[in-house]
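> need the 3D shape of this:
(chains A, B, C and D)
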Number of protein chains: 2
Amino acid sequence: MSNNKKTTIKDIANVLNISPAAVSKALHNDSRISAKTKEAVRRVAKDLNYQPNHLASALRKGKSNLVGVIVPRTNSNFFSSVVQNMEEELNKEGYNIIITQSNESYNKECRNIDTLLFTQVDGIIASMANETIDLQYYEKIKSKGIPLILFDRGENDLNVDYIGINDYDSSHLIVDHLVEQGCKRIAHIGGYKHTRIFNNRIRGYVDALKKHNLPLNSELLIESDLTTKDGREKMTQLLGLKNRPDAVYVAGDYAALGALQVLNESNIKIPEEIALVGFGNEPFTAMVTPTITSINQHSSEIGKQAAKTFLAHAKKEKVKQKLNKIILDAELIVRDSSNIKN
Amino acid sequence: MSNNKKTTIKDIANVLNISPAAVSKALHNDSRISAKTKEAVRRVAKDLNYQPNHLASALRKGKSNLVGVIVPRTNSNFFSSVVQNMEEELNKEGYNIIITQSNESYNKECRNIDTLLFTQVDGIIASMANETIDLQYYEKIKSKGIPLILFDRGENDLNVDYIGINDYDSSHLIVDHLVEQGCKRIAHIGGYKHTRIFNNRIRGYVDALKKHNLPLNSELLIESDLTTKDGREKMTQLLGLKNRPDAVYVAGDYAALGALQVLNESNIKIPEEIALVGFGNEPFTAMVTPTITSINQHSSEIGKQAAKTFLAHAKKEKVKQKLNKIILDAELIVRDSSNIKN
DNA sequence: TATATTTGCTTAAACGTTTAAGCAAATATA
DNA sequence: TATATTTGCTTAAACGTTTAAGCAAATATA
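This next block holds a predicted model:
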């Protein structure tokens, strides 16, 4: 039953007694092929269950119609939503995506890049691992002359397109909100400064405090890898201070969850004793008790914009990469963990 | 700077004044090439920053070294963990994966299959969408003669390899546990019967009740699409009964979460008034209040086994597909939502 | 009616690799 | 020393497509 030999363009050509070239043109609706021939080709193609060999056309055309995607993990609502929307947008234009995960590891990320280049992708859309400091591997992508687009976790130094939210302003949104709730000692469990987005959140936090004439207290500003586990540890550290904060702004929802667990276990009233704000608007922020105030990063828009940016490159002959940022405004979603007044 | 023309085997051959064939063999460590030549080839390859063109070798060899993966969504701990482990195992043998999401839609799934076949994948590993009843598209994969492996959401009728957990036994684990906690009216919010795994969970539930001499009450057995939203609705429905259940076993964690929200909002004490059990051991089950008892599906093992099953096929000349099940034992993780005695 | 243009194809080469077949030189064996 | 085997390559063709160049027939234009 299963006819193991796959149907090729030649098989169709033989049936109709025309050349393979004519078949190829007919299938691509070339204007120089008669309607009659086109119809015949399509009919035979269907009869023989013809499926174009993507490898052959990619080889001949010099493009694979594949886009490589690198994310720290797919198991997060933010990244999976970005990827899903990216995929939709790219599918429309005939591109497929290959998703790879770095698991926040620099080494894995390098291997992913090699894999994607090896697979002859037409472009790479990536969000960098926490660990990544050395940009050599990303330079490799650029030197191959294929478009590179970064989102969320980017690097100015690479001079490529970037799509993300305004992290600096987001910190202002959060601090403004907490001040309005009456908080005076606002701590920040931030990400590593070497990552641009976390650095911007820290800068925003610092400047927002200044704006409200609140002192910047170094023991209230902590760097973290923002895992749930580390969120627990850093929160515990804050509780150990002789002068505790009355609000904690955590730069990631998973770490905010860890902080919440510690607060709940210590029977500290949230938000009355300590208000809590996360970042990312992961679905679980609306599931836990109390629900966690967080920042919505517009993941679907980021995904779409990243795809569109790639498509714009793909249409041009030569890739001329330069730093071109698309910065979206974020949105503060106020939930129970910081809603003191009501 | 960016040398746009990529280095090919011919470039290396020209430098060394040997044939491209010799270069190809040298790179593949062919025993008929001298150590001296091999070394020279490797050196020049490195100097010229040679990267093999995967499309060309795939076309020539008739295999792409790509494995297609179809999951309902990546944004779930179960699926992302399965995929990650699958990827690791396949990478070891030189295979890369293309991940696609069906979003539980039959149409999207069909398009995914077309995409993957078009990309000339060497095999497909899939977990079927909730909507999928018609197996015609999956038959298409089989008829192409490439291996198809199903996991979690499978179908006996397709007669292909399947990796999953013992759903029937899992229901017994749950009912046994609830009975031991003193529950007498155990409801089941199950998945759609047409999906094999959910049917097995239902069968297990029914048989386990029988085993404990508990009556099967049709108003306590409800089918659902197992989203959080539907979990809320079905739980509300159960609360409307004049004779409420004292325990609810939900066939999916997301729906269990919805049920939990309704119970919390209705100020019903969990587990004292109504005990709750989910399925899947999603991380949030340990985050919510109270934490939800659930079933650990050994996602990493499922991923590894699926990969190994594919690799076994790939090594054989002819693909001889048949129903070959690998069924793993699941594990009950008891948490607060069903822990009545302590 | 003579020339120009359009239509509808074919021919041939190419994309970059792999591999079967073959050949000369070097080495081993009788 | 004569023959057989091994070593180390080369040659040529192929994987399935696409596309530039070209050509004959049909049609349009002057």
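> which non-adjacent residue is nearest the closest residue to chain B within the stretch 201-342 of chain A?
With Cβ to the nearest Cβ, the shortest gap between the stretch 201-342 of chain A and chain B falls at A:Thr289, namely 4.0 Å. For glycine as for every other residue, the C-beta is placed from the backbone atoms N, C-alpha and C. Leaving aside its sequence neighbours, A:Thr289 sits nearest to B:Thr289 (Cβ to Cβ, 6 or more residues apart in numbering or on different chains; 4.0 Å).
> give me the phi and psi angles of the one you found.
With angles defined as degrees, to the nearest 10, B:Thr289 sits at phi -120, psi 120.
> related to what we said a few turns ago, residues near the residue of the stretch 201-342 of chain A closest to chain B, how many?
Using other Cβ atoms under 10 Å in any protein chain shown, the number of residues around A:Thr289 comes to 15.
> can you pull the contacts of the residue nearest to A:Thr289?
By Cβ atoms under 8 Å, 6 or more residues apart in numbering or on different chains, the contact list for B:Thr289 reads A:Asn264, A:Val288, A:Thr289, B:Asn264.
> about what we covered before: how far away is the residue of the stretch 201-342 of chain A closest to chain B from B:Glu272?
Between A:Thr289 and B:Glu272 the distance is 17 Å, computed by Cβ to Cβ, to the nearest Å.
> again with A:Glu89
When Cβ to Cβ is the yardstick, A:Glu89 and B:Glu272 sit 50 Å from each other.
> between the two, which one's more packed in?
More crowded of A:Glu89 and B:Glu272, by other Cβ under 10 Å: A:Glu89, with 18 against 9.
> leaving out sequence neighbours, find the closest residue to that one.
A:Ala307 (3.5 Å).
> that neighbour looks like it's in a helix, true?
Yes - with the criterion set as DSSP: H, G, I helix; E, B strand; the rest coil, the secondary structure at A:Ala307 is a helix.
> the helix or strand hosting A:Arg60 near DNA strand C anywhere?
Using DSSP states H and E, A:Arg60 maps to helix A:54-61. Yes - on the criterion Cβ under 7 Å from any atom of the strand, helix A:54-61 is in touch with DNA strand C at A:Ala56, A:Leu59, A:Arg60.
> ok, which of these also contact chain B?
Among the residues of helix A:54-61 next to DNA strand C, the ones lying near chain B by Cβ under 8 Å from any Cβ of the partner chain are A:Ala56, A:Leu59.
> how about the residues of helix A:54-61 next to DNA strand C in CSV, adding pLDDT and neighbour count?
Formatted as CSV, these follow (pLDDT from 0 to 100; neighbours: other Cβ atoms under 10 Å in any protein chain shown):
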residue, pLDDT, neighbour count
A:Ala56, 96, 16
A:Leu59, 95, 20
A:Arg60, 96, 11
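> let me know the closest of the residues of helix A:54-61 next to DNA strand C to A:Ile197.
Ranked by distance to A:Ile197 (Cβ to Cβ), those are led by A:Leu59 at 38.8 Å.
> surely that closest one and B:Ser57 touch.
No - in this structure A:Leu59 lies outside contact range of B:Ser57 using Cβ atoms under 8 Å: 9.8 Å.
> ok, which stretches of the stretch 1-150 of chain A are helices?
Taking DSSP state H, counting those that start in this stretch to define them, one finds helices in the stretch 1-150 of chain A at A:9-16, A:20-27, A:35-47, A:54-61, A:77-92, A:106-118, A:136-143.
> one step back: who's in contact with the helix holding A:Arg60?
Outside helix A:54-61, the residues that reach it (Cβ under 8 Å, 6+ apart) are A:Ser64, A:Asn65, A:Gln120, B:Asn53, B:Leu55, B:Ala56, B:Ala58, B:Leu59, B:Ser64, B:Phe118, B:Thr119, B:Gln120.
> show me which pair in those residues is furthest apart.
Greatest spatial distance among the contacts of helix A:54-61 (Cβ to Cβ): B:Asn53 and B:Phe118, at 19.1 Å.
> before we move on, the earlier item: reformat the helices of the stretch 1-150 of chain A as JSON lines; add distance to DNA strand D.
JSON lines is the format used below for the helices of the stretch 1-150 of chain A (distance: least, Cβ to the nearest atom of the strand, whole Å):
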{"stretch": "helix A:9-16", "distance to DNA strand D": "3"}
{"stretch": "helix A:20-27", "distance to DNA strand D": "3"}
{"stretch": "helix A:35-47", "distance to DNA strand D": "10"}
{"stretch": "helix A:54-61", "distance to DNA strand D": "3"}
{"stretch": "helix A:77-92", "distance to DNA strand D": "18"}
{"stretch": "helix A:106-118", "distance to DNA strand D": "17"}
{"stretch": "helix A:136-143", "distance to DNA strand D": "24"}
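> tell me if I'm right that A:Leu226 and A:Leu257 touch.
No - assessed by Cβ under 8 Å, A:Leu226 is found out of contact with A:Leu257, at 10.4 Å.
> so what's the closest residue in space to A:Thr100 that isn't next to it in sequence up against?
Spatial nearest neighbour of A:Thr100, excluding adjacent residues (Cβ to Cβ, 6+ apart): A:Asn112 at 4.1 Å. Residues near A:Asn112 by Cβ under 8 Å, 6+ apart: A:Gly68, A:Ile70, A:Thr100, A:Gln101, A:Ser102.
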